[in-house]
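[1] Predicted model, plus sequence, below.
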Amino acid sequence: MSREEFQKNSNLIVIKVGSSLLVREGVLQLEKIKELACNIAYLRERGKKIILVSSGAVACGMSVMGLSRKRGDIPFKQAMSAIGQSVLMQAYREVFSPLGIQVAQILLAPEDTNNRVKYLNARNTFEALLHLGVLPVVNENDSVAVAEIKFGDNDRLSALVASLIDADLLVILSDVEGLFTADPRVLPQASLIEEVKKIDLEIEEMAGGEGNYFSTGGMKSKIIAARMATLSGTGVIIASGKDFSVLQEIGEGKKRGTFFWPEVKHLPGRKRWIAFAMMPRGNVLIDKGAKKAILTQKSLLPAGVKAVEGNFDLGDCVEILGPARELVGRGITNYSSEELKKILGLHTEEVKEVLGGKDFDEEVVHADNLVLLGGD
């Protein structure tokens, strides 16, 4: 299948819009909202089901309060989000209503997806709204979230939503044209990468590290989101949304921005939940032999565990780190951190002796509850 065919055949689409496209000098631009609405309506008229992930609540709150300077503390951001979220939704109602489109607000926090039942309930809500022809408008529940348990940015949130509902395509719109071979503001000769077959180390390095143009909240977060979505079987386009007619062009199959092909062997639903929706409560550091074993789809045993970090309980999600602290995967642990500290490095018979002969699991993380996300 060609890229053009993939885009044309994508019927369930998540669209993420950054606040820089909707807000100017701290004020929500109603004309830009109208432009966005008309282009979403165009896609819907052609049979596409759309979910919109929208930033802008904090900026709306500041505008209402007559504030032009953002403070960095969390309570301020939470207060502005609480004030601005209703303003943002009212703006969407005003522009979509004349087009015959009802909108529904969905605010998500990590706690809503960490629990498997809540995760599936969220999926059911999305499906019900789409069946009714309603446009879900999604944002993070910033008014009650804290830094330690936030999605972090709406790029990641949009990828989680795409994974949750098995979207065909995720479109991330911002003021960035796409992924370039280098920072185009530093190197004008940098070229746009039109297609990416697989997000590997080379692609990640192009997104850069902390503190530059392609940093968190910029291209780096978009590549992380693209990796989440493609591993879930969803295609991704990162493109400029300075002109929202780009949505029509994408729907018609035209090449805009950078297109990331979905992984052929993508993660099944439950493993997507473990990988992207659960909140890791700690780290389990493993040796070279254990890494080699789990990379061949085997379970993690106590003998391969070198160290434990953080406090977690049985049934929590943990990140599994290799000998150089590289991320190897995530999984659901069969032991609490305190229990695991007592048996790390031990073989089965030794574990049985330490635990006093009581019933125990041979595996720290069973292969069925383990998702590979790095390593080799």
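    That came through, no problem. Just so it is clear, the structure is predicted and the values come from calculations on it, not from any experiment.

[2] residue contacts, the residue positioned nearest the centre of the chain?
    Centrality entry for the chain: nearest residue to the mean C-alpha point is Arg156, 2.6 Å, by C-alpha atoms, centre = their mean. Contact analysis of Arg156 by C-beta atoms under 8 Å, 6 or more residues apart in numbering lists Ser221, Ile224, Ala225, Met228. All C-beta spots, glycine's among them, are computed from the backbone N, C-alpha and C.

[3] From Ala162, how far off is the third one?
    To tie it back to what came earlier, the one meant is Ala225. Per C-beta to C-beta, to the nearest Å, Ala225 is found 9 Å from Ala162.

[4] ditto for the last one
    In this structure, Met228 and Ala162 are separated by 8 Å, where distance is defined by C-beta to C-beta.

[5] Have a look at the two and say which one is more surrounded.
    Ala162 (31 against 25; other C-beta atoms under 10 Å).

[6] looking at this, that one is in a helix?
    Yes - note on Ala162: a helix contains this position according to DSSP: H, G, I helix; E, B strand; the rest coil.

[7] on that earlier part again, which neighbours do Ala225 and Ala162 have in common?
    Leu170.

[8] about what we covered before: between the contacts of Arg156, which is closest to Lys48?
    Nearest to Lys48 out of the contacts of Arg156 is Ala225 (C-beta to C-beta; 20.4 Å).

[9] In this model Val161 seems to touch the closest one, though I could be wrong.
    No - using C-beta atoms under 8 Å, Ala225 is not in contact with Val161; the gap is 10.4 Å.

[10] quick revisit: tabulate the contacts of Arg156 (JSON lines), appending secondary structure and distance to Ala167.
    Output for those, formatted as JSON lines (DSSP: H, G, I helix; E, B strand; the rest coil; distance: C-beta to C-beta, whole Å):
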{"residue": "Ser221", "secondary structure": "helix", "distance to Ala167": "18"}
{"residue": "Ile224", "secondary structure": "helix", "distance to Ala167": "17"}
{"residue": "Ala225", "secondary structure": "helix", "distance to Ala167": "12"}
{"residue": "Met228", "secondary structure": "helix", "distance to Ala167": "12"}
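
[11] And the residues you listed, which is the shakiest by pLDDT?
    Among the contacts of Arg156, Ser221 carries the lowest pLDDT, at 88.

[12] Break this protein into its domains for me.
    Domain assignment for the chain, taken from automatic domain parsing, gives 3-270, 280-372.

[13] Shouldn't Glu111 be within a helix?
    Yes - applying three-state DSSP, one finds Glu111 inside a helix.

[14] Would you quantify the distance from it to Gly310?
    18 Å.

[15] ok, now Asn124?
    32 Å.

[16] For the longest helix seen in the chain, name the packing helices and strands.
    Counting by DSSP state H, the longest helix found in the chain is helix 74-96. With contacts taken as 3 or more C-beta pairs under 8 Å, 6 or more residues apart in numbering; DSSP states H and E, helix 74-96 sits against strand 27-28, helix 30-45, helix 57-64, strand 103-108, strand 135-140.

[17] Run through who's touching it.
    For helix 74-96, contacts defined as C-beta under 8 Å, 6+ apart pick out 28, 30, 33-34, 36-37, 40-41, 54, 56-65, 67, 70-71, 102-103, 105, 107, 135, 137, 139, 142-147.

[18] mind running it again at 6 Å?
    33-34, 37, 56-58, 60-62, 64, 103, 105, 137, 142-143 (C-beta atoms under 6 Å, 6 or more residues apart in numbering).

[19] same thing with stretch 365-376?
    Outside stretch 365-376, the residues touching it (C-beta under 6 Å, 6+ apart) are 271, 274-275, 291, 295, 297-300, 322, 326-333.

[20] Contacts only, for Ser163.
    Neighbouring residues of Ser163 by C-beta under 6 Å, 6+ apart: Ser232, Arg272, Phe276.

[21] Pull the contacting residues for the first one.
    Read that as Ser232. Taking C-beta under 6 Å, 6+ apart as the criterion, Ser232 is in contact with Ser163, His266, Arg272.

[22] Quickly note the distance from it to Ser174.
    21 Å.

[23] Quickly note the distance from Val318 to Lys341.
    Taking C-beta to C-beta, one finds Val318 at 13 Å from Lys341.

[24] cool, and Gln248?
    Distance, Gln248 to Lys341, using C-beta to C-beta: 57 Å.

[25] Give me the buried subset of the contacts of stretch 365-376.
    Neighbour counting by 16 or more other C-beta atoms under 10 Å classes 271, 274-275, 291, 299-300, 322, 328-333 among the contacts of stretch 365-376 as buried.

[26] List just the nearest of these to Ile237.
    Checking the buried ones among the contacts of stretch 365-376 one by one against Ile237 (C-beta to C-beta), the nearest turns out to be Ala275, at 21.8 Å.

[27] And that closest one, how far from Leu135?
    With distances taken as C-beta to C-beta, Ala275 is found 28 Å from Leu135.

[28] same check, this time on Cys317
    Per C-beta to C-beta, Cys317 is found 32 Å from Leu135.

[29] Likewise for Gly253?
    23 Å.

[30] These two: which has the busier surroundings?
    Taking neighbours as other C-beta under 10 Å, Gly253 and Leu135 compare with Leu135 leading, 21 against 16.

[31] quick revisit: tell me which of Asn124 and Gly310 has more neighbours.
    Neighbours were counted for Asn124 and for Gly310 using other C-beta under 10 Å; Gly310 has more, 13 against 9.

[32] Now do the phi/psi pair for the more buried one.
    With angles defined as degrees, to the nearest 10, Gly310 sits at phi 90, psi 180.

[33] Next: the one 5 residues further on.
    In terms of degrees, to the nearest 10, the main-chain angles of Gly315 are phi 90, psi -10.

[34] Neighbours of it, how many?
    For Gly315, the tally of surrounding residues (other C-beta under 10 Å) stands at 12.
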